[in-house]
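Student: Structure of the sequence below:
(one chain, ligands or ions: 1)
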Amino acid sequence: MRARICGTGSALPRREVTNDELSKIMDTSDEWIRSRTGICSRHLAVEESLTALAARAARQALSEAGMEAAELDMILAATLSADKLLPSLACELQRELSAERAVAFDINAACSGFIFALQTADAYIKSGQYGKILVVGGEILSKLMDWNDRSTCVLFGDGAGAAVVRADSEFGILGSVQGSDGARGEVLMCEDRKNNNPYVSNTKDLSYVSMDGQEVYKFAVRTVPEAILKATERAGISVDEVDLFILHQANIRILQSVSKRLKIPMEKIPMNLQTCGNISAGSIPILLDFVNRRGMIQRGNKIVLAGFGAGLTWGASALTW
Ligand code: ACO
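Tutor: Below is the predicted model of the structure:
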């Protein structure tokens, strides 16, 4: 048995903020952001919680799968920006959906989070322990951004995506790869909140995301093609046989570099970073839902999902739709 995706969903906050709007509150320009990243606008959560966005995405995915929330064995939520430190987003979602039977927990692998959660679902399904799993990836990154740091805050957006997977003997995940390099974690991080313990001397204020953009860029353009090659090899298919590559939406130049290195036509690498920015763990499931709803994937198609992110972490899965 393997995990087969049988329903997808996504939800973006109502408020869309263009590059031009950002240029009114900080020293930046549409030209700078667009030419360096491909991003034109992003959605920012002003009134929505992450739980509400994830629940909207999950209901769409359940509906397409023809499944009731009460049937779910497990809910896995990939996020680094849950509404609360406790309880987890997955448990909040369980309550929201009334998925009483499900066991629920979060996975934090930053932008690789959805891939890691999907691979965890696949492992549970392969073991025979569970058969119906909701996998969600979502973020409200805008609350973790330093809005005085123009080099990071313009890159990210908010939103959630979901996929319902079930055990299948024919279709589903064929091969996966995942990796971590904690020794290089400092290139993309967000330190802990201020410690209130009276026995600890700690004057740090609340911390925000900081990033060495050029190091992350170099890491991404090397790691993503390697991960794709390994996942397709494990799946027993060639890169040429893959119909669509659903890649983490961080920067158009990274996607173009992957296309060039692996000789993949850009038509096979759909994008929504233009209107979404980088939604970390939400980016891959939201794009997957966009292409699914536009009828761009047919039963039997070969799809590769691949991402990279803080940790550092990376992962890819090759599957039959
Ligand atoms: N508007 C205008 N100017 C800016 C802005 C901005 N928003 N941000 C930075 N600049 C300026 C800098 O201050 C610098 O000015 P200086 O030359 O006078 O010092 C200049 O632009 C160039 O800055 P660089 O950082 O060298 O710009 P670079 O060409 O490297 O592009 C970018 C930066 C877009 C972040 C690029 O490095 C990148 O895409 N890296 C990958 C980042 C990424 O993928 N992150 C997410 C990955 S993991 C995850 O998803 C969580």
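Student: The host helix or strand of residue 222 near the ligand anywhere?
Tutor: Residue 222 belongs to helix 213-235 when elements are defined using DSSP states H and E. Yes - judged by Cβ under 6 Å from any ligand atom, helix 213-235 and the ligand are in contact via 213-214, 216-217, 220. Glycine gets a C-beta too; all of them are placed from N, C-alpha and C.
Student: Show residues contacting that helix.
Tutor: 151-152, 174-177, 179, 184, 187-188, 238-239, 241-242, 245, 247-248, 250-251, 253-254, 257-258, 261-262, 302, 304, 306-308, 312, 314-319 (Cβ atoms under 8 Å, 6 or more residues apart in numbering).
Student: For ChimeraX, write the select line for the buried members of the residues you listed.
Tutor: Entered in ChimeraX, the line below selects the buried ones among the contacts of helix 213-235, by 16 or more other Cβ atoms under 10 Å:
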select :152,174,175,176,177,179,187,188,239,242,245,247,248,250,251,254,257,258,262,302,304,306,307,308,312,314,315,316,317,318,319
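Student: Write out the residues of the protein neighbouring the ligand.
Tutor: Counting by Cβ under 6 Å from any ligand atom, the chain sits next to the ligand at 28, 32-33, 36-37, 110-111, 150-151, 154, 188, 211, 213-214, 216-217, 220, 250-251, 254, 278, 280, 309-310.
Student: Tell me where the stretch 1-150 of the chain has strands.
Tutor: Counting by DSSP state E, counting those that start in this stretch, the stretch 1-150 of the chain has strands at residues 2-11, 16-18, 41-43, 74-78, 103-107, 132-140.
Student: Highest mean neighbour count out of those strands?
Tutor: strand 132-140 (a mean of 31; mean count of other Cβ atoms under 10 Å).
Student: related to what we said a few turns ago, which ones among the contacts of helix 213-235 lie within strands?
Tutor: Judged by DSSP state E, the subset of the contacts of helix 213-235 located in strands is 174-177, 179, 188, 245, 247, 302, 304, 306-308, 314-319.
Student: how about residue 172, what does it touch?
Tutor: Contacts of residue 172 by Cβ under 8 Å, 6+ apart are 2-5, 122, 165, 319-320.
Student: again with residue 73
Tutor: Listed by Cβ under 8 Å, 6+ apart, the contact partners of residue 73 are 101-103, 130-133.
Student: In these, find the pair that's most separated.
Tutor: 103 and 131 (12.9 Å; Cβ to Cβ).
Student: Give me the buried entries from the residues of helix 213-235 next to the ligand.
Tutor: Using 16+ other Cβ under 10 Å, the buried members of these are 213, 216-217, 220.
Student: Give me the lowest-pLDDT entry from those.
Tutor: By pLDDT, residue 213 ranks lowest within those, coming in at 84.
Student: And it, how far from residue 172?
Tutor: 36 Å (Cβ to Cβ, to the nearest Å).
Student: ok, and the closest non-adjacent residue to residue 257?
Tutor: Setting aside the residues directly before and after it, residue 257 is nearest to residue 221 in space (Cβ to Cβ, 6 or more residues apart in numbering), at 4.4 Å.
Student: partners of residue 2 in the sheet?
Tutor: Beta bridges link residue 2 to residue 168, judged by DSSP bridges.
Student: cool, residue 318 as well?
Tutor: residue 175, residue 304.
Student: Tell me the spacing between it and residue 226.
Tutor: As judged by Cβ to Cβ, residue 318 and residue 226 stand 14 Å apart.
Student: hang on, residue 158 packs against residue 47?
Tutor: No - contact between residue 158 and residue 47 fails when scored by Cβ atoms under 8 Å: they sit 11.3 Å apart.
Student: out of those two, which sits in the busier spot?
Tutor: residue 158 (28 against 8; other Cβ atoms under 10 Å).
Student: quick revisit: what's the most distant pair in the buried ones among the residues of helix 213-235 next to the ligand?
Tutor: Counting by Cβ to Cβ, the most remote pair of those is 213 and 220, 10.4 Å apart.
Student: Check residue 197 and give its pLDDT.
Tutor: 73.
Student: Show me what residue 314 bridges to in the sheet.
Tutor: residue 179, residue 308.
Student: so what's it up against?
Tutor: 112, 178-180, 223-224, 227, 306-308.
Student: Distance check, residue 191 against the ligand.
Tutor: To the ligand, residue 191 is 15 Å away according to Cβ to the nearest ligand atom, to the nearest Å.
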